[in-house]
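[1] quick one, what's the 3D model for this:
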Amino acid sequence: MIYSEYLIKAVSHIFSEKYGENPLLIFSPGRVNLIGEHTDYNQGFVMPGAINKGIYAACAENGQELIRMYSIDFDEEVIVGLDALKPVATSWANYILGVVAEIKNLRPNVLGFDLVFGGDIPIGSGLSSSAALECAIGKGLDTMFLLNLEEIEIIKAGQQAEHKFVGVRCGIMDQFASLKGKANHVIQLDCRSLDYQFVPVLIDDYQLLLCNTRVKHSLAESSYNERRSDCETGVAVVQEKYPEVTSLRDVTTEMLDAVKVQLTTTIYQRCLYVIEENQRVLKAGKLLKEGQLQRFGALLFDSHEGLSQKYEVSCPELDFLVDQAKKHPAVLGARMMGGGFGGCTINLIKRSEKQGLMQQLQEAYNRQFGIELECYEVELEDGTHLIKQEHYGSI
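    Prediction:
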């Protein structure tokens, strides 16, 4: 992997200035999700992968009963006592404190430490900078204090941090992908059993391109929790007729249709989307293994239509970018990615046509919305790991 030398130098230099020498240095990646959106908290299937953009963190134990944290991106320091692990007013600190609280419950020998972090994941882009930060903290604590944590313990600590300290009832996909990613692969993950398999992404003449709308509509977080509640309501109704059902993962379209009259149109559509998306993920894994990229790309377009029309988590900017991509012959598939209401689209495009496509999308988007579109080429990389000394020993 090619690291950001700028960020390695930045976190190392600032850590040295503020806290001392020789910290651990960790890279923790953001993630893309090829397909399978809003299925994770419904115990369904997802297909994420770690990417070459992420969080760079420098950390070391400090021999005190304090956590001293500094965010480069926000140019802000927060200091919290180990005996006061509760949510604070500084939102970014809660992702860290939540993980510390969860892991301290598992391993009481967590002590005070210092942390400096920064990243090259655009905030609000839907690439899970929060999960990357959580996994970096989990990896750092495990290494500093010799905790011998299982990977799944770090993953669940990140998820619970968001539930308890941030107030977002996220699924487990983001943390799983950030910690366990594998270069040139995505993870086909069963979010109920946590069984998974690595699926090779051999796209040869094609590549992944992210287009960042640079908008984040204000209803994003509240609507995320509303969608989850709608799904739970749908499951409760289905359970009255089919008591063996425990989540939308178990529901077929036939079951859903059998109770349709008892559901509002909105809840029916929400549930139908999740059922169909789970099937798309399973089909996508098979198509990728067989190298059937055209058919795989068609699933991406189908996924976006469901997210926009049935689950209603898209927005005009995302829909516009997908519509524009669909018209371009170099694009095999595109869809919105992440929680919705802004963030990025993910596009599977022909490498040789990328410059022309980016220019076309940027010009059209600027004409339509007056916003400069940002495009990122991403590669699938390994998950959260220590950066070896030779990468920063001379800094």
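
[2] name the single longest helix found in the chain.
    Determined from DSSP state H, the single longest helix within the chain is helix 265-290.

[3] residue boundaries of the helices in this structure?
    5-18, 91-106, 129-144, 151-161, 173-180, 220-241, 253-258, 265-290, 293-309, 316-326, 354-369.

[4] out of those, which gets nearest to residue 30?
    Between residue 30 and those, the shortest separation by Cβ to Cβ is 5.1 Å, and it involves helix 129-144. C-beta: built from backbone N, CA, C; applies to glycine.

[5] and the helices of the chain, which one is worst for confidence?
    Across the helices of the chain, helix 220-241 has the smallest mean pLDDT, namely a mean of 90.

[6] against which helices or strands is it packed?
    With contacts defined as 3 or more Cβ pairs under 8 Å, 6 or more residues apart in numbering; DSSP states H and E, helix 220-241 has these neighbours: helix 253-258, helix 265-290.

[7] if we go by neighbour counts, what in the first one is buried?
    Residues of helix 253-258 classed as buried: residue 256 (neighbour count, 16 or more other Cβ atoms under 10 Å).

[8] 28 is where my numbering starts, stick with that
    Will do, 28 is the new start, and the previous item becomes helix 280-285.

[9] which residues touch that helix?
    The contact list for helix 280-285 (Cβ atoms under 8 Å, 6 or more residues apart in numbering) reads 261, 265, 268, 269, 272, 290, 295, 298, 299, 302, 303.

[10] helices or strands up against the longest helix of the chain?
    Judged by 3+ Cβ pairs under 8 Å, 6+ apart, helix 292-317 is in contact with strand 72-73, strand 212-217, strand 223-227, helix 247-268, helix 280-285, helix 320-336.

[11] tell me the domain ranges of this protein?
    32-228+408-418, 233-405 (automatic domain parsing).

[12] which of those domains sits most buried?
    Highest mean neighbour count among these (mean count of other Cβ atoms under 10 Å): domain 32-228+408-418, with a mean of 21.

[13] so how far is that one off the chain centroid?
    11 Å (Cα atoms, centre = their mean, to the nearest Å).

[14] same question for stretch 294-304.
    21 Å.

[15] ok, residues contacting it?
    Contacts for stretch 294-304 (Cβ under 8 Å, 6+ apart): 62-66, 69, 71, 254, 257-258, 260-262, 264-265, 275, 278-280, 283, 287, 290, 330, 333-334, 336-339.

[16] for stretch 240-253, same thing?
    Against stretch 240-253 from outside (Cβ under 8 Å, 6+ apart): 151, 194-196, 340, 342, 344-345, 348, 366-372, 392, 398-401.

[17] and residue 416, what pLDDT?
    Residue 416 is given a pLDDT of 69.

[18] typo on my end, it should be residue 197
    82.

[19] hang on, isn't residue 407 packed against residue 204?
    No - taking Cβ atoms under 8 Å as the definition, residue 407 is not a contact partner of residue 204, at 10.1 Å.

[20] which residues do the two both contact?
    76, 77.

[21] follow-up on the earlier one: distance to residue 359 for the contacts of helix 280-285 - can I get that in a markdown table?
    Compiled in a markdown table, those are given as follows (distance: Cβ to Cβ, whole Å):
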| residue | distance to residue 359 |
| --- | --- |
| 261 | 32 |
| 265 | 35 |
| 268 | 40 |
| 269 | 37 |
| 272 | 35 |
| 290 | 35 |
| 295 | 31 |
| 298 | 29 |
| 299 | 25 |
| 302 | 25 |
| 303 | 20 |
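
[22] confidence score at the closest residue to residue 344 other than its chain neighbours?
    Distances taken as Cβ to Cβ, 6 or more residues apart in numbering put residue 240 closest to residue 344, at 4.1 Å, once the chain neighbours are dropped. At residue 240, the pLDDT value in this model is 94.

[23] helix 156-171 and the top strand by length along the chain, what's the angle between them?
    Taking DSSP state E as the criterion, the chain has its longest strand at strand 75-88. Note on geometry: by axes from the mean of the first three to the mean of the last three Cα atoms, to 10 degrees, strand 75-88 and helix 156-171 are set 50 degrees apart in direction.

[24] which strands or helices does strand 75-88 pack on?
    Counting by 3+ Cβ pairs under 8 Å, 6+ apart, strand 75-88 packs on helix 32-45, strand 51-60, strand 140-146, helix 156-171, helix 200-207, strand 212-217, strand 401-405.
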